[in-house]
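any chance you can model this:
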Amino acid sequence: MIQGKSLLWKRAPLPLLALTLTGCALLGPPGAPPPSLFTLAPGRESVSPRDVAAQTIEIAPPAARPGFDGSRMAYVTRPYEIQFFSRHQWVEPLPRLLAPLLGDALERDGSFRATQSGESGSPALRLESEIVALQQEFTAQPSQVRFTLRARLLDGLERRVLATAAFEAVEPSPGEDPYGGVIAANRAVARVLDEVAKWCAENGIGRTSGSSTSDLAR
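Next comes the predicted model:
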């Protein structure tokens, strides 16, 4: 019987064999629980009434360094090596989570009217950003989450660079697990978004020409 089954397996058409293997890969281990999904939703303060002179700022779709452009949650246990939690992930790719949060932060004090890319025909300013890192680091005790973002502020019409900067926040994790990292990540993102909003106000309000470069903000 074993030989007969083996012979049938060998004679199975290659397309059928490939389909069988693919189906097994897609189904995954029987009874495997679905992944736990998390989001970025830093505490939002009440938005101030918009100033009549509020400038329109266009939020370009954020970019991300390799490893931080998807939904996987990253962590490190030693320098230069990025690993990912197997059963925990962001509900959407990180750049898509960040875009509306940038708009919320910029509108918070009423100085800007934020729009997503393509929504406004002639924005006064344009904000471009890149996620450099969002990772839980188990190289320290307690573990900590590091969020690093690069930003570039441009004149919305002529696309002249007004300012560039890098922002970074490090927050301790309240637990040595992915959920503790999510809490710390939200705190780190909130800090960086506040800094970005202040930086845009300092470098963009009333300015539509010239350029400047700021140092790393912490």
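
and stretch 176-191, what's its mean pLDDT?
Averaging pLDDT along stretch 176-191 gives 97.

next one: it to chain centre, how far?
Distance of stretch 176-191 from its chain centroid, counting by Cα atoms, centre = their mean, to the nearest Å, is 13 Å.

any buried residues in that stretch, and which?
Neighbour-count burial for stretch 176-191, counted by 16 or more other Cβ atoms under 10 Å, picks out 178, 180-191. Any C-beta I mention is one placed from the backbone N, CA and C, and that applies to glycine too.

who touches that stretch?
Under the criterion Cβ atoms under 8 Å, 6 or more residues apart in numbering, residues 36, 38, 40-43, 73, 75, 85, 88, 98, 101, 134, 136, 138, 142-147, 169-175 lie in contact with stretch 176-191.

next helix or strand past the host helix or strand of Thr164?
If you go by DSSP states H and E, Thr164 is part of strand 161-172. With elements assigned by DSSP H and E, the helix or strand that comes after strand 161-172 is helix 178-204.

which strand residues bridge Leu37?
Gln89 (DSSP bridges).

please tell me I have it right and it contacts Phe85.
No. Assessed by Cβ atoms under 8 Å, Leu37 is found out of contact with Phe85, at 11.7 Å.

just to revisit the earlier point, only whichever of the contacts of stretch 176-191 are buried, select them in ChimeraX.
Selecting only the buried entries of these in ChimeraX, with 16+ other Cβ under 10 Å as the criterion:
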select :38,40,42,73,75,85,88,98,101,134,136,138,143,144,145,146,147,169,170,171,173
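
how about the strands in the protein?
36-38, 55-59, 63-64, 72-76, 83-90, 112-116, 125-137, 144-155, 161-172, 212-213 (DSSP state E).

so what's the closest residue to Gln135 other than its chain neighbours up against?
Ranked by Cβ to Cβ, 6 or more residues apart in numbering and with sequence neighbours excluded, the top spatial neighbour of Gln135 is Ala74, at 4.3 Å. If you count contacts by Cβ under 8 Å, 6+ apart, Ala74 has them with 67-68, 82-84, 133-136.

which one (most neighbours) among these?
In terms of neighbours by other Cβ atoms under 10 Å, the contacts of Ala74 top out with Leu134 at 26 neighbours.

got the contact list for that one?
68, 74, 94, 145-148, 185, 188-189.

hmm, 7 Å instead?
Shown in contact with Leu134 (Cβ atoms under 7 Å, 6 or more residues apart in numbering): 68, 74, 94, 147, 185.

roughly how far does it sit from Leu162?
According to Cβ to Cβ, to the nearest Å, Leu134 and Leu162 sit 26 Å apart.

Gln89 touches Leu37, doesn't it?
Yes. Counting by Cβ atoms under 7 Å, Gln89 touches Leu37, with 6.4 Å between them.

what's the separation between the most centrally placed residue in the chain and Ser111?
Nearest residue to the geometric centre of the chain (Cα atoms, centre = their mean): Leu94, 2.9 Å. Relative to Ser111, Leu94 is positioned 26 Å away (Cβ to Cβ).

pLDDT weak spots in this structure?
1-31, 43-53, 119-120, 206-218 (pLDDT under 70).

show me what contacts Ser129?
62, 102, 149-151.
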